[in-house]
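Trainee: I would like to see how this sequence folds:
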Amino acid sequence: MTRSIFVFLHRWAGLAMAAFLVLVGITGSILVFLPELNHWLTPNLYPGPRAGAELSAAALLRRADELTPQARATRIFFAAPGTAIVSFEANPGAAEVDVSLFLDPVTGDELGRVKQKGLPESLGDLLPFIDRLHWSLALGPWGVWLLGVVALVWTIDCFIAFYLTLPPNILRGGRGFLARWKPAWLVKRGASSYRLNFDLHRASGLWFFPLLLILAWSGVCFDLNGVYRGVMDLAFDFAPSVWKRDNPPSPDGREPLAWEEAERIARDLMAERAASEKFLIDRRVDFSLNRETGLYVYGVHSSQDVGEKYGGTSVAFDAYSGAVHAFQAPSARKSGDTVTTWLVELHMANVFGLPYRLFVFIGGLAIALLSVTGIVIWWKKRRARRHVDRTTSMASAARAMLDL
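Mentor: Numbering: from 1, shown residues only. This is a model prediction of the structure:
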C-alpha cells in the first residue's frame, strides 16, 4: 500500500516537472561550457587576455557612464580575461535599461552590448538568453519562483524515486538485498522497447542520484532561499549575508561615496581581512553599489574559494560612511556557508576541472532523458490500462448479451 502511494506521487510529480526538467537539463548542459562557448560564438565580447595593465574598476565604471548617459552604472563584473561587464539602473525618471555593456578592461573601449530581457536579436544575445532560460525561464522573478517550486518538488521526488528502486520486502529472507537490487542498476540487453525504456529510466536515476540531488537542492538554494535556509539552519550555522541590511540608512539627499574612494576603501578592507585571516587574494571579481541597501560590495577570488571560476570572497561597507557591514567567506568560517558554497560550485560545474564538467554535462542530458522516459512509461501504462478497460467492458457486454 505504501509503495503504491509513492508510485502515484512519483508519477504525477514527474509529469508535472517534465517540461521544466527537460529545459533546465539541456540548458544546464550547454552552460557547463559557457566560457568556451562565449569565446567561440562571440569573440568580439570575449576576446581573451591581452597585454597591458588593467584599468581600475572605478575608471571602467566612469567610462561606462560616459558611454551610457541615460543610465548609471551599478556593478562591474570581470567575467573573463579581457572582458568586463557593466550593469546599469535607469536614472531617476528615465526609462528602464535592459542592456549590459562589455568593456575592454585594459583600454576601456566598448566591446559590445547585450540584451538582458526579451528574445535574442543577435548572436551576442543568444547565450545570455539561454542563461536566463535556465535560471528563470526568461520570465524574471515569477520564473525564479516557479523553478524554485519545481526544485523543491524535485528534491523530495529524488528520495521517492530512490526508494522505488529498492526491492520490495527488503527484510524478507532468500537472496541477499544487494543481489535483488542489482537489476535496478542495469539495462537488460535484448529486452523489449518498454523494458529498455524502463531500465534506462531507473538505472540512469540511480547512477546519477547524487548529482540529481545536488542539482535539485541547490536549485532550492538559488530560487527559494528562504525555504533552503529554514531547513539548513536546523543543522548548520551561517554568517550574515553581505547583501542584506535590515535598516538601510536614509541618504538625506547625500550621494554615495565616489567610485574611486569606494574602491580604495574596498581594497583596504579586503587586504586587512586577508592579513588577519591569512588568506591570499588571487584577483578581483566584481564591484557593485546597491542604492536601496546603501551598500558597496567588493568581491574577489581568494584562497578561501573552492570554485575555479569567479569568486565568493566579499566585503560590504556603508556607501556613505565607508563603515564595514559584513564580510563573506565562501568556506572555513561557518559550516552552513561552506556547505552552501560546495552545493553552488557543484551545481555550476566549477570544481574538479574538466572531468567533473563533463560529468555535469552528461548529467544534464540524463535529466532530460529521465523526464522523457518517465513520460513514455506513463503513456504506455495508460494505454495498457485503457486496453484492459475496453476489453473488460466488451467482455461484460458480451456476457450481458448472452444472459438475455
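Trainee: list the contacts of Gly48.
Mentor: His39, Ala80, Pro81, Gly82 (Cβ atoms under 8 Å, 6 or more residues apart in numbering). Just so you know, the C-beta spots here come from the backbone N, C-alpha and C atoms, and that holds for glycine as well.
Trainee: domain-wise, how is the protein divided?
Mentor: In the assignment given by automatic domain parsing, the structural domains of the chain cover 1-43+133-238+337-404, 44-132, 241-333.
Trainee: tell me which residues are up against the helix or strand where Ala316 lies.
Mentor: For Ala316, the element it lies in under DSSP states H and E is strand 313-318. The contact list for strand 313-318 (Cβ under 8 Å, 6+ apart) reads 242-243, 249, 265-266, 269-270, 273, 279, 281, 294-302, 304-305, 323-330.
Trainee: and with 7 Å instead?
Mentor: Residues outside strand 313-318 that contact it (Cβ atoms under 7 Å, 6 or more residues apart in numbering): 242, 265-266, 269-270, 273, 294-302, 304-305, 323-330.
Trainee: Gly336 touches Phe236, doesn't it?
Mentor: Yes. Applying Cβ atoms under 7 Å, one finds Gly336 in contact with Phe236, separated by 3.4 Å.
Trainee: which of the contacts of Gly48 are buried?
Mentor: Among those, those classed as buried by 16 or more other Cβ atoms under 10 Å are His39, Ala80, Gly82.
Trainee: among those residues, name the ones in strands.
Mentor: Under the assignment DSSP state E, those contribute Ala80 to strands.
Trainee: which one of the buried ones among the contacts of Gly48 is nearest Gly230?
Mentor: Using Cβ to Cβ, Ala80 comes nearest to Gly230 of those, at 35.6 Å.
Trainee: excluding chain neighbours, what is closest to the closest one?
Mentor: Distances taken as Cβ to Cβ, 6 or more residues apart in numbering place Tyr46 nearest to Ala80, at 5.5 Å, with adjacent residues excluded.
Trainee: check that neighbour and give its pLDDT.
Mentor: pLDDT, Tyr46: 95.
Trainee: before we move on, what about Met232?
Mentor: Met232 is assigned 96 on the pLDDT scale.
Trainee: what sits against it?
Mentor: Met232 neighbours (Cβ under 7 Å, 6+ apart): Gly336.
Trainee: now Gly307
Mentor: Glu345, Asn350, Val351.
Trainee: by neighbours, which of the residues you listed wins?
Mentor: Glu345 (23 neighbours; other Cβ atoms under 10 Å).
Trainee: show me where the chain has its helices.
Mentor: 2-31, 34-41, 57-67, 123-136, 141-165, 177-181, 193-207, 209-223, 225-232, 259-277, 335-347, 353-403 (DSSP state H).
Trainee: dump the ones you listed to CSV, plus distance to Ile76.
Mentor: As requested, those are arranged in CSV below (distance: least, Cβ to Cβ, whole Å):
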stretch, distance to Ile76
helix 2-31, 22
helix 34-41, 17
helix 57-67, 5
helix 123-136, 17
helix 141-165, 23
helix 177-181, 53
helix 193-207, 42
helix 209-223, 23
helix 225-232, 25
helix 259-277, 9
helix 335-347, 21
helix 353-403, 26
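Trainee: and these: which comes nearest Phe287?
Mentor: It's helix 57-67; of the helices of the chain, that one is closest to Phe287 (Cβ to Cβ) at 4.4 Å.
Trainee: and the closest one with helix 259-277, angle?
Mentor: Angle of helix 57-67 versus helix 259-277, following axes from the mean of the first three to the mean of the last three Cα atoms, to 10 degrees, is 150 degrees.
Trainee: give me the residues contacting helix 57-67.
Mentor: For helix 57-67, the external contacting residues (Cβ under 7 Å, 6+ apart) are 72-73, 76, 84, 86, 101, 103, 105, 108, 110, 259-260, 263, 284, 287.
Trainee: coming back round to it: for the contacts of Gly48, which one is nearest Tyr163?
Mentor: Ala80 (43.0 Å).
Trainee: now stretch 34-44: buried residues?
Mentor: Those would be Leu34, Leu37, Asn38, His39, Thr42, for stretch 34-44 by 16+ other Cβ under 10 Å.
Trainee: tell me the spacing between the second one and Arg132.
Mentor: To Arg132, Leu37 is 15 Å away according to Cβ to Cβ, to the nearest Å.
Trainee: dump stretch 234-250 to PDB, keeping only the CA atoms.
Mentor: Extracted C-alpha coordinates of stretch 234-250, given in PDB (Å, rounded to 0.1, in the frame of the first residue of the first chain):
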ATOM      1  CA  LEU A 234      18.400  23.300  11.700                       C
ATOM      2  CA  ALA A 235      21.800  21.700  11.300                       C
ATOM      3  CA  PHE A 236      24.300  24.400  10.200                       C
ATOM      4  CA  ASP A 237      25.500  27.900  11.200                       C
ATOM      5  CA  PHE A 238      25.500  30.800   8.700                       C
ATOM      6  CA  ALA A 239      27.200  34.200   8.700                       C
ATOM      7  CA  PRO A 240      25.100  37.200   7.900                       C
ATOM      8  CA  SER A 241      24.700  37.900   4.200                       C
ATOM      9  CA  VAL A 242      26.800  40.700   2.800                       C
ATOM     10  CA  TRP A 243      23.800  41.600   0.600                       C
ATOM     11  CA  LYS A 244      21.200  42.200   3.200                       C
ATOM     12  CA  ARG A 245      20.600  45.100   5.500                       C
ATOM     13  CA  ASP A 246      17.700  45.200   7.900                       C
ATOM     14  CA  ASN A 247      17.700  49.000   8.300                       C
ATOM     15  CA  PRO A 248      19.200  50.800   5.400                       C
ATOM     16  CA  PRO A 249      20.300  54.400   6.200                       C
ATOM     17  CA  SER A 250      18.400  57.300   4.800                       C
END
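Trainee: all set now, cheers.
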